[in-house]
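# take this sequence and fold it.
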Amino acid sequence: MYTQDQLKQQVAAAAIDFILPKLQADTILGIGTGSTVDLLIDALAEHKDKFKAAASSSERSTQRLQQHGITVLDLNQVASMDWYIDGADEIDAQLNMTKGGGGALTREKIVASVAQHFLCIVDESKVVAQLGAFPLPIEVIPMARQVVTRRLEQLGGQVKWRSGFVTDNGNDIIDVHGLTITDPAQLESQINDIPGVVCCGLFALSGASVALVAGQQGVTTMS
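As a prediction, the model looks like this:
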């Protein structure tokens, strides 16, 4: 039996195999955040001469990319990208995702919005029939935390403030437990419309294009 860390390593390697044929000298890659992406960045370093630069969704990933000698561009310098690569906390068969366990959801969604395609890399524990078992992260402006909490409780969620955590944008994260997410896109729109919400951790209005899933039988593709 492979451990979860071994599965993450396998899917990071599969992502390299997937993306290498698509790289050109002027390619800019969108790079996400998290433990699986850390492994991807380490593997990508061996091929840094095959693409131009990266656009990163967090300070953490930026530092790791730069440590490997990979150029990181400010997103304001990037008009478009072919691919954004990131993990997920949950993903369903329609490639809707819950993201934000690491707190970088807003920048992840922004960088992903510039890319033509989203490659999601996960181990099999992240694949679910219905989103909602993983608490839904939401980035909120600090002064609006209680306002947003009350609105989310009206939607049936139990809200917990991620105390002591500050996002790269200087905001708070609240995690919503107990939601039954039958229509991820509709709920994403509904939560994003609450005043004080910066970003909701549902990636359904723009989900993944392709997912690579590492399991005990190898890496499979969802599309």
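
# ranges for the helices of this protein?
For the chain, the helices defined by DSSP state H cover 4-19, 35-44, 59-67, 105-114, 145-154, 184-192.

# could you dump those into a markdown table and include mean neighbour count, mean pLDDT and distance to Gly170?
Yep, even glycine has a C-beta here, placed from its N, CA and C like the rest. Below are these laid out as a markdown table (neighbours: other C-beta atoms under 10 Å; pLDDT from 0 to 100; distance: least, C-beta to C-beta, whole Å):
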| stretch | mean neighbour count | mean pLDDT | distance to Gly170 |
| --- | --- | --- | --- |
| helix 4-19 | 19 | 97 | 30 |
| helix 35-44 | 21 | 97 | 22 |
| helix 59-67 | 17 | 97 | 12 |
| helix 105-114 | 22 | 97 | 11 |
| helix 145-154 | 16 | 97 | 13 |
| helix 184-192 | 18 | 98 | 19 |
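
# low-scoring stretches of this protein, by residue?
By pLDDT under 70, the chain contains no weakly predicted segment.

# and the strands in it?
All strands of the chain, identified by DSSP state E, fall at 28-31, 53-56, 81-86, 90-91, 97-98, 115-123, 136-140, 158-161, 172-177, 197-200, 202-203, 210-215, 218-222.

# could those strands be laid out in CSV, adding mean neighbour count?
Formatted as CSV, those follow (neighbours: other C-beta atoms under 10 Å):
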stretch, mean neighbour count
strand 28-31, 25
strand 53-56, 25
strand 81-86, 23
strand 90-91, 24
strand 97-98, 28
strand 115-123, 22
strand 136-140, 27
strand 158-161, 15
strand 172-177, 21
strand 197-200, 23
strand 202-203, 29
strand 210-215, 22
strand 218-222, 14
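
# rebuild those as JSON lines, extending it with distance to Arg151.
Listed next are these as JSON lines, based on distance: least, C-beta to C-beta, whole Å:
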{"stretch": "strand 28-31", "distance to Arg151": "31"}
{"stretch": "strand 53-56", "distance to Arg151": "32"}
{"stretch": "strand 81-86", "distance to Arg151": "28"}
{"stretch": "strand 90-91", "distance to Arg151": "22"}
{"stretch": "strand 97-98", "distance to Arg151": "19"}
{"stretch": "strand 115-123", "distance to Arg151": "28"}
{"stretch": "strand 136-140", "distance to Arg151": "10"}
{"stretch": "strand 158-161", "distance to Arg151": "9"}
{"stretch": "strand 172-177", "distance to Arg151": "11"}
{"stretch": "strand 197-200", "distance to Arg151": "9"}
{"stretch": "strand 202-203", "distance to Arg151": "15"}
{"stretch": "strand 210-215", "distance to Arg151": "31"}
{"stretch": "strand 218-222", "distance to Arg151": "33"}
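
# which stretch among those strands comes nearest Leu75?
Smallest distance to Leu75 across the strands of the chain (C-beta to C-beta): 5.2 Å, for strand 53-56.

# need the contact list for Ser80.
Applying C-beta atoms under 8 Å, 6 or more residues apart in numbering to Ser80 gives the contacts Val114, Ala115, Gln116.
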